[in-house]
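Undergrad: from the sequence below, what's the structure:
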Amino acid sequence: AEHLERARQIYAANDMQESPASGRVWNGLGMVAQGLGDYPEAQRCFTRALAIFENAYGSDHPDVSFYLNSLGRAAELNGDDALARTSLERSVQVNLEKLGAENIRTATSEYYLANFELSQGERDAAESRLERCLGLFVAELGEDHFQVTEARGDLARIKEQKHEWKAAEALLDLALDSNGEGFNPTTRATLQAHRARLHLRQGDYLASCTEALQVEDTAANQYRLIVQTLSESVSRRFAAARTNGLSIALSALLAQGETTEMAAAAWDRVLRSRGMLLDELAARRRSVNATQDSATRQMAEDLFTARSRLADMYVRGPGDRNPQQYEAALDRARQDKQTTETALAALSATFRSIAADRDLGLAEIRSALPTSSALVAYLRFLRIGEESEEPWYCAFVLADETISVVDLGPAAAIDDLIARWRTGLLEAWAPGGVLAQPGIIANGDLGTRLRDLVWVPCAAKVSNVETVFIVPDGDLHLLPLAALPSVNGGY
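TA: Here you go, the predicted structure:
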């Protein structure tokens, strides 16, 4: 983004801000912004690029359709459905008139319009258009082209909505297998997440959880890499936009019932994901601040450059390269990063410490837990059902070397009880800190219901220990468990 912004400034300084070259820079800035989840900025950049190319070539030139597609996609992501539809329909019309219905560029414009139609609930129109596009893509571009893969993934979404499970799974298998590893890792993770959801909705919980955890590993590794090269504000947006496999894995885990091995694997990913953004930003500052000698500083700068190059490849995807070329370039960039990290670790004890901290997971937590103690870690997540998604609570419990997961129920009911319980607590105290209505909270119905919902199911698993460590999440941060009424009286 910095290089593109610098290029934009150079064109403007030389009175070339309306040139096609400047338009391509604006389009590049839009692509970067969109990849990082900054959709308003992406829409602004694509709008500027389109205006430049319309001024240079005319509004009905086929090249303009490319920028109409970019603007349409960004507008859809930004929630501007009217602009999205207008831009995408106009792109199709321009290409139909200038290039014909069988041209690959016309098919590309139709593909983006089909995706928009699908997002608007126009399933039949989208399915017909996508099937036509897929046929043209395969014939003109070959099985391994990224547009073929993406079209299959989108068509699979429609088949899933129609409960045509086998057809959807077959499309996803083709989409993932045809490109092997030689494809944009972000898109690959998205397709794998789709397949994991499909397994979940078909009741294959083990396959769903296994693939979803693979998705989480891929997406988390990409995130850690990319966030190290971004500003803090952009890092936060990227964190919200990244593919997340945990909700799928946890939904499958709860549907399947307790399985210690899978519960441990899911909990390990949860532990590694919590605070990931702040941990990475803190590590970045710690690394820079601790760098004293010139050789180490230079190596740290070299590592930043290597990470930036690899992150840029992840965000931009293959572009015009075929899958084999893209994978080869990724391998070179990964090797460059790894070699530089190894060299820096040999020079810097601080860097070695930061690298070790990033590897902390469930195994380290287990080894640090004192004798005769247990750990209860609550988690608020988006549970995925057959037809809908709903915020949910569960709890991971580690006691007597045994790991289990406890289903606590819908988050809306628990959060509402917490809010009402806290309101009652405040109303029970008169000015001056005097308890105006003794016993109303500790023995009240709200406290009892909260206890039965969030503590009793976990308490049964920690009855043989002396100390229980609690890790809250969501609105449970606002609930002091020690203030809830005990089953046997008191607190």
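
Undergrad: which residue, other than its chain neighbours, is closest to residue 454?
TA: Distances taken as C-beta to C-beta, 6 or more residues apart in numbering place residue 408 nearest to residue 454, at 5.9 Å, with adjacent residues excluded. Heads up, the C-betas are built off the backbone N, CA and C, glycines and all.

Undergrad: looking at this structure, which helix or strand does the model trust least?
TA: Of all regular secondary-structure elements in the chain, judged by mean pLDDT, DSSP states H and E, the least confident is strand 434-435 with a mean of 57.

Undergrad: who touches the next helix or strand after it?
TA: Going down the chain from strand 434-435, the next helix or strand is helix 445-450, by DSSP states H and E. The set of residues external to helix 445-450 that reach it, using C-beta atoms under 8 Å, 6 or more residues apart in numbering, is 414, 417, 418, 420, 421, 424, 441, 479, 483, 484, 485.

Undergrad: identify each buried residue in the helix or strand just after helix 445-450, please.
TA: For helix 445-450, the succeeding helix or strand toward the C-terminus, using DSSP H and E, is helix 456-459. Of the residues in helix 456-459, 457, 458, 459 count as buried by neighbour count, 16 or more other C-beta atoms under 10 Å.

Undergrad: would you mind listing the buried residues in stretch 108-127?
TA: Judged by neighbour count using 16+ other C-beta under 10 Å, the buried positions of stretch 108-127 are 108-118, 126-127.

Undergrad: let me have the residues you listed in JSON lines, adding pLDDT as columns.
TA: Formatted as JSON lines, the buried residues of stretch 108-127 follow (pLDDT from 0 to 100):
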{"residue": "108", "pLDDT": "94"}
{"residue": "109", "pLDDT": "95"}
{"residue": "110", "pLDDT": "96"}
{"residue": "111", "pLDDT": "95"}
{"residue": "112", "pLDDT": "95"}
{"residue": "113", "pLDDT": "96"}
{"residue": "114", "pLDDT": "96"}
{"residue": "115", "pLDDT": "93"}
{"residue": "116", "pLDDT": "96"}
{"residue": "117", "pLDDT": "95"}
{"residue": "118", "pLDDT": "93"}
{"residue": "126", "pLDDT": "95"}
{"residue": "127", "pLDDT": "96"}
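
Undergrad: would you map the helices across the stretch 251-400 of the chain?
TA: For the stretch 251-400 of the chain, helices defined by DSSP state H, counting those that start in this stretch occupy the ranges 260-273, 276-289, 294-316, 323-347, 349-357, 362-368.

Undergrad: and the last one, average pLDDT?
TA: Confidence for helix 362-368, expressed as mean pLDDT, is 87.

Undergrad: same check on the second one?
TA: Taken as a whole, helix 276-289 has an average pLDDT of 59.

Undergrad: buried among the contacts of helix 445-450? Make that a ChimeraX selection.
TA: This is the ChimeraX syntax for the buried subset of the contacts of helix 445-450, where burial follows 16+ other C-beta under 10 Å:
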select :414,417,418,421,424,441,479,484,485
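
Undergrad: among the contacts of helix 445-450, which are located in helices?
TA: Assignment to helices by DSSP state H places the following of the contacts of helix 445-450 there: 414, 417, 418, 420, 421, 424.

Undergrad: now do the third one against residue 446, distance only.
TA: When distances are taken as C-beta to C-beta, to the nearest Å, residue 418 and residue 446 turn out to be 9 Å apart.

Undergrad: my guess is residue 263 meets residue 406, correct?
TA: No: the pair residue 263 and residue 406 fails to qualify as a contact (C-beta atoms under 8 Å) at a distance of 9.9 Å.

Undergrad: more neighbours: which of those two?
TA: For residue 263 versus residue 406, neighbours defined as other C-beta atoms under 10 Å are more numerous around residue 263 (25 against 19).

Undergrad: now that one. Nearest residue, chain neighbours left out?
TA: Here the nearest residue to residue 263 in space, its sequence neighbours aside, is residue 405; by C-beta to C-beta, 6+ apart that works out to 4.6 Å.

Undergrad: just checking, that neighbour is part of a strand?
TA: Yes: looking at residue 405 with DSSP: H, G, I helix; E, B strand; the rest coil, it is inside a strand.

Undergrad: beta partners for it?
TA: Beta-bridge pairing of residue 405 under DSSP bridges involves residue 396.

Undergrad: what sits against it?
TA: Contact partners of residue 405, counting by C-beta under 8 Å, 6+ apart, are 250, 253, 254, 258, 263, 266, 267, 394, 395, 396, 397.

Undergrad: and which of the contacts of helix 445-450 is nearest to residue 23?
TA: Compare each of the contacts of helix 445-450 with residue 23 using C-beta to C-beta and the shortest gap goes to residue 414, at 51.9 Å.

Undergrad: right, and the closest one touches residue 452 too?
TA: No: between residue 414 and residue 452 there is no contact, the gap being 11.0 Å when judged by C-beta under 8 Å.

Undergrad: and the next helix or strand past the helix or strand hosting residue 106?
TA: Secondary-structure assignment from DSSP H and E places residue 106 in helix 104-119. Note on helix 104-119: by DSSP H and E, the next helix or strand toward the C-terminus is helix 123-141.

Undergrad: tell me the angle of that next one relative to helix 104-119?
TA: For helix 123-141 against helix 104-119, the angle between stretch directions is 150 degrees (axes from the mean of the first three to the mean of the last three C-alpha atoms, to 10 degrees).

Undergrad: quick one: buried residues of helix 123-141?
TA: Buried residues in helix 123-141, counting neighbours by 16+ other C-beta under 10 Å, are found at 126, 127, 129, 130, 133, 134, 136, 137, 138, 141.

Undergrad: could you do stretch 36-46 as well?
TA: Using 16+ other C-beta under 10 Å, the residues of stretch 36-46 that count as buried are 36, 37, 38, 39, 41, 42, 43, 44, 45, 46.

Undergrad: from these, pick the one nearest residue 92.
TA: Proximity of these to residue 92 was ranked by C-beta to C-beta; the top entry is residue 46 with 17.1 Å.

Undergrad: I'd say the closest one and residue 67 touch.
TA: Yes: with contacts defined as C-beta under 8 Å, residue 46 counts as touching residue 67 at a distance of 6.6 Å.

Undergrad: any common contacting residues for those two?
TA: By the contact definition C-beta under 8 Å, 6+ apart, residue 46 and residue 67 are jointly contacted by residue 27.

Undergrad: gap between whatever helix or strand residue 69 lives in and the chain center?
TA: Secondary structure from DSSP H and E places residue 69 in helix 62-77. In terms of C-alpha atoms, centre = their mean, to the nearest Å, the gap separating the centre of helix 62-77 from the centre of its chain is 24 Å.

Undergrad: got the CA coordinates for it in CSV?
TA: Listed in CSV are the C-alpha atoms of helix 62-77, where the atom choice follows Å, rounded to 0.1, in the frame of the first residue of the first chain:
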residue,chain,number,x,y,z
PRO,A,62,-14.7,-3.2,-22.7
ASP,A,63,-11.7,-2.3,-20.5
VAL,A,64,-14.1,-0.2,-18.3
SER,A,65,-16.0,-3.3,-17.4
PHE,A,66,-13.1,-4.5,-15.4
TYR,A,67,-13.3,-1.5,-13.1
LEU,A,68,-17.0,-1.7,-13.0
ASN,A,69,-16.6,-5.2,-11.6
SER,A,70,-14.1,-4.0,-9.0
LEU,A,71,-16.4,-1.2,-7.9
GLY,A,72,-19.5,-3.5,-7.8
ARG,A,73,-17.8,-6.1,-5.6
ALA,A,74,-16.5,-3.4,-3.2
ALA,A,75,-19.9,-1.7,-3.0
GLU,A,76,-21.5,-5.0,-2.2
LEU,A,77,-19.0,-5.7,0.7
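
Undergrad: nothing else from me, thank you.
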